[in-house]
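K.L.:
need coordinates for the following:
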Amino acid sequence: MLLPPQALPPPQAPLIAIVGATVIDGTGAPPMADAVVVIRGRHILTVGRRGAIAVPPEARQVQASGKWLVPGLIDMHVHLDEDISPEAYPLFGVTAVRDVGSRLVTLQKLRARAARGEPLPVMYWMGRNIDEGKPSWWGAVAVGAPREVPALIQNMARQGVDGVKLYVRAGPQITRAVIREAHRLGLSVTAHLERTLPSQAVQAGIDNLEHVATLFLEFAPPPSGKQGFGRHFPTDARADLRSPRAQRLIALLRRHQVAVTPTMAVVTLPVEGERMATRLYRGWAEIPEGWRAFWKTRYWDFLTPKGWTARDYRTARQARARYLQMVRLLHRAGVPLVAGTDTPAPWVLPGAGLLLELEWMTRAGMSPAEALQSATGRAAKVLRKEEQVGTVRPGRLANLVLLDADPLQDIRNLRRIHAVFLQGRLLDRDALRQKFLQAKPPPPGA
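P.N.:
From the prediction side, this is the model:
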């Protein structure tokens, strides 16, 4: 395995007891009032009501009466290759991420930093995006025929991937071959597809589909010849989600329990730009000047409106309304939804972007409890890491967020962070914030 294991040095105090909080454990179970959570080293030791379990006398106690304790959040769609301040994730309560396409060297460097004690999230890696023919961008690899797939997937497994991701140029034959070999090796498969229809991927056994917008390829293909960011918005804006084809797709996703990662952030913030982002983050998440400068470089032109008219913006907003409608229909049908952002797409801040994503999921009809589960227990299950992260249960990593207000009353209360524990260590959020604000964009050509 080429990817180093994920570890933080043991916390200074061997035992910590968080006493008196209401625990929302990420499983969907009712909240547990006046609870005690005991942490030993990096893991949760015990969870129970005060009086029902003993607080070790040598434990350092954190008094948490009147507060709410939730699992550390998981962002299921990030790109660490382009992230200039990954320490921002735990600043905003995101203690684990799933990277979908970065280079091995990036994960190696970041995990080495975490092993030296830097407070970085737990990082799961889906390897390089898998295309067909030739790579569609620098972050992808490609195969020419199904017979080449086993060697590629086996090499990715040796590198230490936690799953694999199919990408836009993969056709149905390559899609089937990747799913077959990945599953043989015990790896999950997600996808952002264009040449393979969602229904074809589902029937081939896909585990997860990225971007609710890509589901529209099933019944609203983008106009031929149109290029650039948002090329699919005009047809998606007119899509009939009550059509037989749309209903068949939703039923197929439900029957096979294929998870969908909506990523509403990436069809909202890049379109609306700096003005909306400044308004949405105001009062709880500053946008560092380094990030503002980075997002204005030419690198991000592929995700930035260029030469758009007022009509183009109206069309994009109409399409976005359709995407929210689709999320609502998927949720009502019982299709599992997991939260991801496509961070760091323009104006999608690491960590803070996931809190906005969860707010959009509630606008689509999910309750705060259901939205929270999409970034905790359910996300961990889709990752196949439910024995490590995602819930407040004995044996799990002690990734925990202590809140000053109840997130089940209002999902925006996830912004009201009192403390964050990362693998058992109480983080210095002031230091994290200062480092975040000092983010520097990479030099041109880096």
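
K.L.:
now Leu152. Nearest residue, chain neighbours left out?
P.N.:
In space, and not counting its chain neighbours, Leu152 is closest to Val143: 5.7 Å by CB to CB, 6 or more residues apart in numbering. C-beta: built from backbone N, CA, C; applies to glycine.

K.L.:
how about the strands in the stretch 51-200 of the chain?
P.N.:
Here the stretch 51-200 of the chain has its strands, by DSSP state E, counting those that start in this stretch, at 60-63, 68-71, 73-78, 94-99, 122-125, 129-132, 140-143, 163-166, 188-191.

K.L.:
among the ones you listed, show me which one is buried the most.
P.N.:
Mean neighbour counts were compared across the strands of the stretch 51-200 of the chain using mean count of other CB atoms under 10 Å; the top stretch is strand 73-78, at a mean of 30.

K.L.:
now for that strand, which elements pack on it?
P.N.:
Under the contact criterion of 3 or more CB pairs under 8 Å, 6 or more residues apart in numbering; DSSP states H and E, strand 73-78 touches strand 94-99, helix 352-363, helix 377-383.

K.L.:
may I have stretch 232-241 as CSV, with CA atoms only?
P.N.:
Taking C-alpha atoms only, stretch 232-241 is exported to CSV below (Å, rounded to 0.1, in the frame of the first residue of the first chain):
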residue,chain,number,x,y,z
HIS,A,232,-26.9,21.6,-19.7
PHE,A,233,-28.9,24.3,-17.9
PRO,A,234,-31.3,25.1,-20.8
THR,A,235,-32.5,21.6,-21.3
ASP,A,236,-32.5,20.8,-17.5
ALA,A,237,-34.6,23.9,-16.9
ARG,A,238,-37.4,22.5,-19.1
ALA,A,239,-37.1,18.9,-17.8
ASP,A,240,-40.4,17.2,-16.9
LEU,A,241,-39.7,15.3,-13.7
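
K.L.:
which stretches of the stretch 101-250 of the chain have low pLDDT?
P.N.:
Counting by pLDDT under 70, the stretch 101-250 of the chain has low-confidence residues at 224-226.

K.L.:
if we can go back for a sec, the residue nearest to Leu152 bridge partners, please.
P.N.:
Taking DSSP bridges as the rule, Val143 bridges to Glu132.

K.L.:
need the phi and psi values for Phe421.
P.N.:
phi -110, psi 130 (degrees, to the nearest 10).

K.L.:
tell me who's in contact with the spatially closest residue to it that is not a sequence neighbour.
P.N.:
Closest residue to Phe421 apart from its sequence neighbours, by CB to CB, 6+ apart: Leu400 at 4.3 Å. The contact partners of Leu400, by CB atoms under 8 Å, 6 or more residues apart in numbering, come to Ile18, Val37, Leu69, Val70, Pro71, Gly72, Val392, Val420, Phe421.

K.L.:
for those, give me JSON lines that also has distance to Pro31.
P.N.:
Output for those, formatted as JSON lines (distance: CB to CB, whole Å):
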{"residue": "Ile18", "distance to Pro31": "14"}
{"residue": "Val37", "distance to Pro31": "13"}
{"residue": "Leu69", "distance to Pro31": "9"}
{"residue": "Val70", "distance to Pro31": "10"}
{"residue": "Pro71", "distance to Pro31": "13"}
{"residue": "Gly72", "distance to Pro31": "17"}
{"residue": "Val392", "distance to Pro31": "11"}
{"residue": "Val420", "distance to Pro31": "19"}
{"residue": "Phe421", "distance to Pro31": "18"}
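
K.L.:
ok, of the residues you listed, which one's closest to Gly283?
P.N.:
Of all these, Val420 has the smallest distance to Gly283: 19.1 Å, by CB to CB.

K.L.:
return the list of strands paired to the helix or strand harbouring that closest one, each annotated with direction.
P.N.:
Here Val420 sits within strand 417-422, counting by DSSP states H and E. Strand 417-422 has its sheet partners listed here by DSSP bridges as strand 400-403 (antiparallel), strand 425-426 (antiparallel).

K.L.:
Thr341: which of these is closest?
P.N.:
Smallest distance to Thr341 across the strands paired with strand 417-422 (CB to CB): 17.0 Å, for strand 400-403.

K.L.:
the strands of the stretch 51-200 of the chain: which one's closest to Val47?
P.N.:
In terms of CB to CB, the element of those nearest to Val47 is strand 68-71, at 9.5 Å.

K.L.:
pull the CA atoms of the closest one into PDB?
P.N.:
This file holds the C-alpha atoms of strand 68-71, laid out as PDB (Å, rounded to 0.1, in the frame of the first residue of the first chain):
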ATOM      1  CA  TRP A  68     -25.800  19.300  21.600                       C
ATOM      2  CA  LEU A  69     -23.200  16.800  20.600                       C
ATOM      3  CA  VAL A  70     -23.200  15.500  17.000                       C
ATOM      4  CA  PRO A  71     -20.800  13.300  15.000                       C
END
